[in-house]
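Q: sequence and predicted structure below; questions after.
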Amino acid sequence: MSKEHKDNENKGLLCNFTHEKAGMQGLDREKINKIIHDTSVNTEFFKREQEHIAIVEEKARSMKNRISESLSKGPDFIREINEEIYKIIQEIESERHLSETWIHVDMDMFYASVEIRDNPELADKPVAVGGNSMIATANYIARRYGIRSAMPGFIGKKLCEELVFVKPNFSKYREEGEKIREIFRDFDPDFESMGLDEGNLRVTEYLINNEMNHDEGRQELARIIRQRIKDKTQLPASAGIACNRSLAKIATDMGKPNGQYFIPFDKEQIIEIMSKMNVRKIPGVGKVLEKTLNELGVVTCKDILQKKYELYIAFQAGSFKFLASAALGVGSCYHHETREEQKSISLSRTFASTNNIEEINKYIAEFSREISEQLDEKNAQIKTVSVSLKTYKFEPKSKSETLGRYIYKELDIYEIAIKLYNELAIKEKIRHVGVRVANIIYRRTGAIDDIIEKVSKDPTPKQSSIKCFSQQCPVCNKVFMYTEKRMEIHLKQCLEEQSQKFQPKVVKKQKNAPQPTITLDCFYKKK
DNA sequence: AGCTGAAGGACCC
DNA sequence: AACCAGGGTCCTTCATAT
């Protein structure tokens, strides 16, 4: 494929919406790509995307250089590398197991299915769950127009005038999701999932116990699970059956919609199926890795094996092994160490670009309250707080701080968050702000605090209780959006800094040197 | 040396 | 007329020292 043609297909966006996702075969890609391109081309998003693409391309170029360099090192060197690769392939093969059975179950266009079930009038219309800014899921009718999840709503509307938007109703999806998980638990209590609407089940024991541990039984079980889901929720599910986790997930995609796919438990057939597979179908290959691989001439899994030398040179050992394993259809087939507790909590919001501090401050205060409430429910505390933003140019920025102590109170979180926000000192307008807490421990010390707080807590404190206002520091003259307490801290620090400045330069640390402190009064006198 | 923390990314749904 | 989410996890790279 010529370079020109490729550019034409990508139309300047890293995320190729018309990539053959389920339900997207045989549509007019040319036309769809043009519409997407034309409605994107003048946006900041597009500009940013261009830069991003340039970076990825540059990375790919340097990989290519490394490859040709290595190729010029002579046959001995190349032979050595090939031996190393051979060893890795052997190692991968030794990890191939064909006697475990995984069934991956995934709901078809989950959110949209729920909405259509509850409002059958939508059934024969193109439906998108989401809003003008983002589509979470589209039904199969909408997909005929090239509309799909993670596409902005306004582009969806351009692609299909009659597209019906439905506001997402997450609590409902969570409820339905819980029903599905209940079913999963019957077949594999330790099932894994990466979202509300899917589960990856290791069903080997179930099959053995029910005397159905053979190809027919495996497929029958998938049918049974899907039927159970259908009976309980009236929602369609697809499934994939294979000998390991990631193969089962890939199989589900081939079974969609409302179907299932069985990948034979046979090395040759697995490799045969995988060889035609586009690398993007590999779980863990996203748009960036896909683009990078494409630049290196790798589009399908077959290409991975054919270009194993190049990839071995270009990537780190771990990434190489990951790619080679995927291409060979080898994957882990036992459960990961059980997933522990949640590791972070975050809230964020996107809005029309602004530099209104008060508005941003309101979000930060609100997020702090909400996070604090969640910590309360979990009886947990956290040690690190981070604030993230996106400038109007979609440039992400973040600042975080790990404290020497654990906190959980709204005000404590807020004060750190707002401090971090101020330290970021972004002058441009911003379009997004978020607060995240991490380093969570699931217990709480300082119980007395809690008791006092619980007793005196207003039962309906929906408004943030934090009072912040702009105030100017008399020392540095900067204006801050602070609480009174926070302002005191700043003033103290600011004065300390001033003290340092008035100090003669200390070359060596003097022991017990009297620390000349400056008070506010003193500061004015010197002025 | 290996850890930790900070910042930035990739990826998943 | 303008317009590209929000909730997570995990990984890599770099800093850093009386």
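A: The structure has been received and is ready for your questions.
Q: is stretch A:198-208 positioned near DNA strand B?
A: Yes: using C-beta under 7 Å from any atom of the strand, stretch A:198-208 reaches DNA strand B at A:Glu198. C-beta here means a position set from N, CA and C on the backbone, and glycine is covered the same way.
Q: measure that stretch end to end?
A: End-to-end span of stretch A:198-208 (C-alpha to C-alpha, to the nearest Å): 23 Å.
Q: which residues are contacting that stretch?
A: Stretch A:198-208 is contacted by residues A:99-107, A:180-181, A:184, A:187-188, A:190-194, A:213, A:217-218, A:221, A:225, A:245, A:248-249, A:252, A:333-335 when judged by C-beta atoms under 8 Å, 6 or more residues apart in numbering.
Q: verify the assumption that A:Asp190 is located in a helix.
A: No: assigned with DSSP: H, G, I helix; E, B strand; the rest coil, A:Asp190 falls outside any helix and is coil.
Q: and the closest residue to A:Phe315 other than its chain neighbours, what element?
A: Setting aside the residues directly before and after it, A:Phe315 is nearest to A:Leu323 in space (C-beta to C-beta, 6 or more residues apart in numbering), at 7.2 Å. Per DSSP states H and E: A:Leu323 is located in helix A:317-328.
Q: residues of that helix that come out buried?
A: Applying a neighbour-count criterion of 16 or more other C-beta atoms under 10 Å, one finds A:320-328 buried in helix A:317-328.
Q: now check it, is it near DNA strand B?
A: No: judged by C-beta under 7 Å from any atom of the strand, helix A:317-328 stays clear of DNA strand B, getting no closer than 9.8 Å.
Q: so after that helix, what's the next helix or strand?
A: Helix A:317-328 is succeeded, C-terminally, by strand A:344-354 (DSSP H and E).
Q: tell me which other helices or strands whichever helix or strand comes after that following strand touches.
A: Using DSSP H and E, the helix or strand that follows strand A:344-354 in sequence is helix A:357-378. Applying 3 or more C-beta pairs under 8 Å, 6 or more residues apart in numbering; DSSP states H and E, one finds that helix A:357-378 contacts strand A:344-354, strand A:381-391, helix A:410-424, strand A:430-441, strand A:479-482.
Q: same thing but 10 Å
A: Contacts defined by 3 or more C-beta pairs under 10 Å, 6 or more residues apart in numbering; DSSP states H and E place helix A:357-378 against strand A:344-354, strand A:381-391, strand A:396-407, helix A:410-424, strand A:430-441, helix A:447-456, strand A:469-472, strand A:479-482.
Q: the contacts of stretch A:198-208, buried ones only, as a ChimeraX selection?
A: A single ChimeraX command is used to select the members of the contacts of stretch A:198-208 judged buried by 16+ other C-beta under 10 Å:
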select /A:100,101,102,103,104,105,106,107,180,184,187,188,191,192,193,213,217,218,221,225,245,248,249,252,333
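Q: so which of the contacts of stretch A:198-208 are in strands?
A: A:102-107 (DSSP state E).
Q: between those residues, which sits nearest A:Ser368?
A: Lowest distance from A:Ser368 to the ones in strands among the contacts of stretch A:198-208 (C-beta to C-beta) belongs to A:Met107, with 34.4 Å.
Q: across the sheet, point out what pairs with the closest one.
A: Assessed by DSSP bridges, A:Met107 has beta-bridge partners A:Ala237.
Q: surely it touches A:Asp197?
A: Yes: at 3.9 Å, A:Met107 counts as touching A:Asp197 under the criterion of C-beta atoms under 10 Å.
Q: now the common contact residues for these two.
A: Residues touching both A:Met107 and A:Asp197 (C-beta atoms under 10 Å, 6 or more residues apart in numbering): A:113-114, A:137, A:173, A:176-177, A:180, A:235, A:237.
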